[in-house]
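In: build me a model:
(chains A, B, C and D, ligands or ions: 6)
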Amino acid sequence: MEGKIVRNQKLNDKYYLLEIKCEEFVREAKVGQFVMINTRHQDYTSDPLLRRPLGVADVNGDRFTLVYMVVGKGTMLLSEMKKDAVVSFSSPQGSTFSMVEKQRTALLAGGIGIAPVYWLAKALKDRGCVVDLYYGGRTVDDVVLLEELKENTDHLIVTTDDGSAGIKGLVVAPFEENIASYDIVYACGPKGMLRAVSNICVKHELPVEVSLDERMACGLGACLGCIIYLKEGDSVVQKRCCVEGPVFDGSKVVWDTVCQG
Amino acid sequence: MEGKIVRNQKLNDKYYLLEIKCEEFVREAKVGQFVMINTRHQDYTSDPLLRRPLGVADVNGDRFTLVYMVVGKGTMLLSEMKKDAVVSFSSPQGSTFSMVEKQRTALLAGGIGIAPVYWLAKALKDRGCVVDLYYGGRTVDDVVLLEELKENTDHLIVTTDDGSAGIKGLVVAPFEENIASYDIVYACGPKGMLRAVSNICVKHELPVEVSLDERMACGLGACLGCIIYLKEGDSVVQKRCCVEGPVFDGSKVVWDTVCQG
Amino acid sequence: MSDRLKTTFCGIEFKNPIITASGTFGYGLEYAKHIDISKLGGISVKGISLKEAPGNPMPRIMETTSGMLNAIGLQNVGVEKFIEEKLPVLRKYDTKVIVNFWGKTLDEYVEVAKILDEADVDMLEMNISCPNIKEGGIAFGTDPKMTFEVTSRVKKVLKNKPLMVKLSPNVTDIKVFAKACEDAGADAISAINTLLGMAVNIHTRKPYISNVTGGLSGPAIKPVAVRMVHETFKTVKIPVMGIGGISNWQDIVEFALVGASAMQVGTVNFVDPQIPLKIIDELESYLTANKIDNLSLLTGTVKI
Amino acid sequence: MSDRLKTTFCGIEFKNPIITASGTFGYGLEYAKHIDISKLGGISVKGISLKEAPGNPMPRIMETTSGMLNAIGLQNVGVEKFIEEKLPVLRKYDTKVIVNFWGKTLDEYVEVAKILDEADVDMLEMNISCPNIKEGGIAFGTDPKMTFEVTSRVKKVLKNKPLMVKLSPNVTDIKVFAKACEDAGADAISAINTLLGMAVNIHTRKPYISNVTGGLSGPAIKPVAVRMVHETFKTVKIPVMGIGGISNWQDIVEFALVGASAMQVGTVNFVDPQIPLKIIDELESYLTANKIDNLSLLTGTVKI
Ligand SMILES: Cc1cc2nc3c(=O)[nH]c(=O)nc-3n(C[C@H](O)[C@H](O)[C@H](O)COP(=O)(O)OP(=O)(O)OC[C@H]3O[C@@H](n4cnc5c(N)ncnc54)[C@H](O)[C@@H]3O)c2cc1C
Ligand SMILES: Cc1cc2nc3c(=O)[nH]c(=O)nc-3n(C[C@H](O)[C@H](O)[C@H](O)COP(=O)(O)OP(=O)(O)OC[C@H]3O[C@@H](n4cnc5c(N)ncnc54)[C@H](O)[C@@H]3O)c2cc1C
Ligand SMILES: Cc1cc2nc3c(=O)[nH]c(=O)nc-3n(C[C@H](O)[C@H](O)[C@H](O)COP(=O)(O)O)c2cc1C
Ligand SMILES: Cc1cc2nc3c(=O)[nH]c(=O)nc-3n(C[C@H](O)[C@H](O)[C@H](O)COP(=O)(O)O)c2cc1C
Ligand code: FES
Ligand code: FES
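Out: Numbering: from 1, shown residues only, chains lettered A, B, ... in the order given. Ligands and ions are numbered 1, 2, ... in the order given. Take a look at the predicted model:
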């Protein structure tokens, strides 16, 4: 698919918000899915080579939004793209968050994990849910779009490792305090955080859905580069993060096998 | 060195004119020299890898001009560069055309060979020379900047292979007819043309300087990738196109050893 | 579509010589919702073994400059499940099916080959060159005697299907291996598999790939592949399928010139699944514009 | 500049471990007007032979994806002229001089080594891995017996200078060659030279390089180089100089982690002559920021 860039807005030194116009994509996209985006400005160059996976952070009319952190070549190139430039990308890929209605939901986002959670918050609000968002980052620079998030949640609890915004500490702490208030939990962020959240939810017998990051080559299930191991009954089965994921039942993930960093 | 792009003007579907502001470069540049220019928009990508050699087509105040034909990755990338972008490049490299005064000069350019010849024409005019320019191309698209050239020459004779501009035929033909009128000959263009011009000049005992193209990696004399063979007395010696060239005495080049295409 | 791309390879008629490379196109079906796979000349499926194989631990892939490393470790569903579950669906598409296969032992190679020989597939591609598994694979592909032995043993049990052997680039002299295959009765050679490489994360100080080393593929390796395909072509009389870094129609022509009769497109399927189809269209246009009746007329015609 | 980059390699003190690679830096002097070559740890000069050598016919180079092919064919001024004309000028700069050398025969290798042993140079680098000349070079580097023989014969005549042997990546198992060098008494190993590659112009249908094949270098080959440096490091006790696709300080750290004690920067000198100096500065900053007292503390510390 292809689309025109509506805006590529710098949120701060690390984060960007990219809005792309593409009706076809928006029609197919579901909450929790991601896109494989071509970050090269010219198709006749080969470095970087592969497309990059980015979570769909929102859709609006015929536009969809990505929120990304600049970490390497691909995201650096993305950040240099200008309004009106045409980018190419896959159709929406992967599994989706469960769309419950009128439930009390806790959403946890760590750092750039906010991307798919942003849309999730909006979608759950639309379905009459109570939406509490626990949003943690290292510093004040790692918690973005706070105004918009406030509008789309019932409670927004921000934490930072250094206390430069919100509560000082890890994001799971305030969540655990309120855990009795929820019917279901959703999380996206660093794997250590997802593991902790999942363990807490299992202990409290709460359903928990996590969105996992894995390096991806194809993003469509062919290369087997993105395996996540899940418990299924007594055995462990292999799932592809790009097809059966990125959203998994957090209680089933075999955390010891999940790549670090 | 680095400079800001003043303009990157499309002359037609194949040719572009690039003007770059860089006083340091202009101060050093001499007629006939070339620049190794980085065509990548981002230094953190590696495709294309090497810088590209382009002849200096003019200097004006603190600016210098390149004229280039889009043939591959590097020149394609160059053509996408925007005004005000900063490009990096080497200092002016290579040998220079002989700056004669008050002589009757014939300049021959084939296709993109016009680049260094453009500045040469101006420089010779400034030195009181009579400057006749024979300028050939395949079609009308391959002869550019005719207005400007007319101003800087005494006679401008245009030829095209298909007759779509000027005289139909090869550029050496009208030159040979007038050969008696000249004291010295300069040429830049396809190797077949340079060989023909050199042979004619040798026959008529006219001095001839040719500017040769060779694939270049370093452009500064280190890699030995750009060898041109010259007759020196009874023996054949190796010269580097990037240091001892690109301008050579056409009567000395061992044409059979010069790469084709 | 004219006949300019029609290709006969080992007696099999491909509508065009563009085949998707093993391991980069799953079982074909993964791509069926993204492109019309019936337009492909053929599909070489992910390497199949006797029993289902779990592959290597994660992480398995990493991008490198103009290429990528992978150490999938030949994860696959096993030959039985492949034939029962994947093949019938894949067979609904109008494209040739090449089954890439491997074994941990000589006997396993023979066993899988025997089963596939009776299955509804067009051709076998024997992988003796996977750098990512400890047993089998690479060992058979880096010792000419073992290459000869596994090829002749497998060839002996095949009654119906042509056998193509896929060579490793991680050898001093690929010609020796090509000759060993031909001498052992192979019907064709495919080359190359991936180059053995490694990359380290300087922050964690750990290799990016859990297997430590992985196979390097993509545009970065094309010059090595072109050289090896040419060496192979000059050494043997059986046809050669060229693989390695192909990303556009110009690359297909380049591989044809140095001696490939058909080509596999690998890593760039990940870059954009449309690429093989784009290559087919543009190749057809090139041949038409240059009045070349069939791509095979270019095979091996490089001027040296 | 602190001592964080000071490197002792074969008993020689380099102010930093960044050395420009043979064939990519001429005789050093070509770059002297573009950068301050005194800032370099050392310079490995273009491969020197007994007699002046004319090199291969043109064309000799071609860019490929994130790399380049070259078949210069070891053109050089010969050892005598090198010592008389180039060395005295180069010696005016405060940097170590490594002389890369080669021969067509065993005797020529010994002869050149003998002469260089008496010259004002710091170290010898024996090239047994040039893929671009028919006689000598590669033959010595792809047969372990010949590697052993040429190394021990040369080592025997050297009285003053350490001997580093430069290995070819075009072999099935570089460990065998590393071991042969060590057993023969080599003081160090440098790896890798270029990968043998080929590229064809589809319009003229001729190879881009007159020699047909050429050596592939540049960022494209880095994963292969990293793997081979690591294999070499694990095999021998003598120090390893890492080469292949290095283009920034991160690459230097990566090579250190897998076992290189010093590194050569090659093709990217063409991309921008400033790169080696930039690497030195940024490497120093990295070590300072991470409180690593000396780069050598990282050597071979990859976590596997
Ligand atoms: C399903 C999914 C959704 C994601 N959503 C987002 C998002 O919404 N916003 C965002 O900023 N990031 C997201 N990421 C992470 C993002 O894909 C990487 O940050 C990005 O690929 C880095 O590319 P680069 O070229 O800038 O970095 P480089 O480090 O140069 O990339 C080199 C290689 O490593 C891979 N890689 C590097 N970091 C990661 C990572 N964290 N996860 C997976 N692969 C990685 C790249 O894809 C590439 O193949 C997502 C990842 C996945 C798998
Ligand atoms: C001294 C000198 C002066 C030149 N001046 C001009 C000029 O003023 N205007 C202009 O348009 N062109 C000029 N050229 C040719 C120009 O360098 C090439 O057209 C350009 O390098 C092509 O790069 P590319 O990436 O677009 O093409 P690609 O084909 O993608 O390039 C691939 C490789 O081949 C080399 N290459 C391709 N064509 C040529 C060629 N004709 N000569 C040398 N190397 C080539 C490239 O440098 C590169 O390394 C000059 C060449 C030389 C040596
Ligand atoms: C992720 C991945 C998985 C692969 N799996 C296999 C395999 O199962 N069997 C095989 O013979 N080759 C396998 N290969 C090698 C490719 O088929 C091909 O030979 C190689 O990638 C070079 O081609 P390319 O540069 O076009 O990718 C794999 C390659 C990749 C990138
Ligand atoms: C143009 C060129 C010439 C070379 N000449 C030599 C040489 O004379 N002797 C040698 O040992 N290596 C030679 N090499 C190989 C380099 O020293 C180096 O081993 C190789 O290029 C890999 O490093 P890189 O990827 O950083 O370039 C040459 C490489 C290039 C590109
Ligand atoms: S990224 Fe290829 S299977 Fe998931
Ligand atoms: S381009 Fe390197 S010597 Fe001329």
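
In: could you find the closest non-adjacent residue to the residue of the stretch 1-150 of chain A found nearest chain B?
Out: The stretch 1-150 of chain A approaches chain B most closely through A:Asp47 (4.2 Å), counting by CB to the nearest CB. For glycine as for every other residue, the C-beta is placed from the backbone atoms N, C-alpha and C. Residue nearest to A:Asp47 in three dimensions, not counting chain neighbours: B:Asp47, with 4.2 Å by CB to CB, 6 or more residues apart in numbering or on different chains.

In: got phi/psi on that neighbour?
Out: Torsion angles at B:Asp47 (phi, psi; degrees, to the nearest 10) stand at phi -130, psi 110.

In: any idea how far it lies from D:Thr24?
Out: Taking CB to CB, to the nearest Å as the criterion, B:Asp47 is separated from D:Thr24 by 19 Å.

In: now A:Val197
Out: Relative to D:Thr24, A:Val197 is positioned 52 Å away (criterion: CB to CB).

In: neighbour-wise, which of those two wins?
Out: Neighbour tally, A:Val197 and D:Thr24, criterion other CB atoms under 10 Å in any protein chain shown: the higher count belongs to A:Val197, 27 against 23.

In: now check stretch A:244-258, is it near ligand 5?
Out: No. If you take CB under 6 Å from any ligand atom as the test, stretch A:244-258 misses ligand 5, and the best it gets is 8.4 Å.

In: could you work out the end-to-end span of that stretch for me?
Out: 15 Å (CA to CA, to the nearest Å).

In: can you tell me which residues contact residue 96?
Out: In the absence of a named chain, this looks at chain A. Going by CB atoms under 8 Å, 6 or more residues apart in numbering or on different chains, A:Thr96 touches A:30-33, A:247.

In: not what I meant, chain C
Out: Contact partners of C:Lys96, counting by CB under 8 Å, 6+ apart, are C:12, C:14, C:19, C:41-43, C:122-123.

In: so what's whichever residue of the stretch 1-150 of chain A sits closest to ligand 2 closest to, chain neighbours aside?
Out: Closest to ligand 2 within the stretch 1-150 of chain A is A:Tyr44: 8.9 Å, counting by CB to the nearest ligand atom. Leaving aside its sequence neighbours, A:Tyr44 sits nearest to B:Lys73 (CB to CB, 6+ apart; 5.7 Å).

In: host element of the residue in the stretch 51-200 of chain C that ligand 1 sits nearest to?
Out: Using CB to the nearest ligand atom, the closest approach of the stretch 51-200 of chain C to ligand 1 is made by C:Glu63 at 3.9 Å. C:Glu63 is part of strand C:61-64 when elements are defined by DSSP states H and E.

In: may I have that strand as CSV, with CA atoms only?
Out: What follows is strand C:61-64, C-alpha atoms only, in CSV (Å, rounded to 0.1, in the frame of the first residue of the first chain):
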residue,chain,number,x,y,z
ILE,C,61,17.6,-12.5,12.5
MET,C,62,19.4,-9.1,12.2
GLU,C,63,19.7,-6.6,9.5
THR,C,64,23.3,-5.8,8.3
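
In: so is that strand next to chain D?
Out: Yes. Residues of strand C:61-64 contacting chain D under CB under 8 Å from any CB of the partner chain: C:Thr64.

In: pLDDT of that strand, averaged?
Out: Across strand C:61-64, pLDDT averages out at 98.

In: mind listing residues that contact that strand?
Out: Under the criterion CB under 8 Å, 6+ apart, residues A:48-50, A:215-217, A:223, A:225-226, C:68-72, C:197, C:199, C:208-209, C:214, C:216, C:218, C:220, D:222-223 lie in contact with strand C:61-64.

In: buried only: go through those residues for me.
Out: Among the contacts of strand C:61-64, those buried by neighbour count (16 or more other CB atoms under 10 Å in any protein chain shown) are A:48-50, A:215-217, A:223, A:225-226, C:68-72, C:197, C:199, C:208-209, C:214, C:216, C:218, C:220, D:222-223.

In: run a quick neighbour tally on the residue nearest to A:Asp47.
Out: Other residues within reach of B:Asp47, judged by other CB under 10 Å, total 27.

In: and the residue lying closest to C:Gly244 once chain neighbours are set aside, which of the three is it?
Out: Excluding the flanking residues, the one nearest C:Gly244 by CB to CB, 6+ apart is C:Ala225, at 2.4 Å. Classification of C:Ala225 using DSSP: H, G, I helix; E, B strand; the rest coil returns helix.

In: name the nearest residue to the most centrally placed residue in chain A, ignoring sequence neighbours.
Out: Among the residues of chain A, the smallest C-alpha distance to the mean C-alpha position (CA atoms, centre = their mean) belongs to A:Pro116, namely 3.4 Å. Closest residue in space to A:Pro116, ignoring its immediate chain neighbours: A:Gly55 at 3.8 Å, by CB to CB, 6+ apart.

In: show the contacting residues for that neighbour.
Out: Under the criterion of CB under 8 Å, 6+ apart, the contact partners of A:Gly55 comprise A:32-34, A:66-67, A:115-116, A:188, A:211, A:246.

In: just to revisit the earlier point, could you check how far the residue nearest to the centre of chain A is from A:Ala109?
Out: Distance check for A:Pro116 against A:Ala109: by CB to CB, it reads 9 Å.

In: ok so, going back, for the residue nearest to A:Pro116, phi and psi?
Out: Summarising the backbone geometry of A:Gly55 under the convention degrees, to the nearest 10, its torsions are phi -70, psi 150.

In: could you see whether chain C lies near stretch A:236-254?
Out: Yes. Using CB under 8 Å from any CB, a contact is recorded between stretch A:236-254 and chain C, made by A:238, A:243.

In: ends of stretch C:153-171, what's the gap?
Out: Across its full length, stretch C:153-171 reaches 22 Å between end residues, using CA to CA.

In: now stretch A:228-240
Out: Using CA to CA, one end of stretch A:228-240 lies 6 Å from the other.

In: with adjacent residues omitted, what lies nearest to the closest residue to ligand 6 within the stretch 201-304 of chain C?
Out: Checking the stretch 201-304 of chain C residue by residue against ligand 6 with CB to the nearest ligand atom singles out C:Pro223 as nearest, at 19.5 Å. With sequence-adjacent residues excluded and distances taken as CB to CB, 6+ apart, C:Pro223 is closest to D:Gly197, at 2.9 Å.

In: the residue of the stretch 51-200 of chain C closest to ligand 1: how many residues sit nearby?
Out: By other CB under 10 Å, the burial measure for C:Glu63, its neighbour count, is 22.

In: that's all I had, so thanks and see you.
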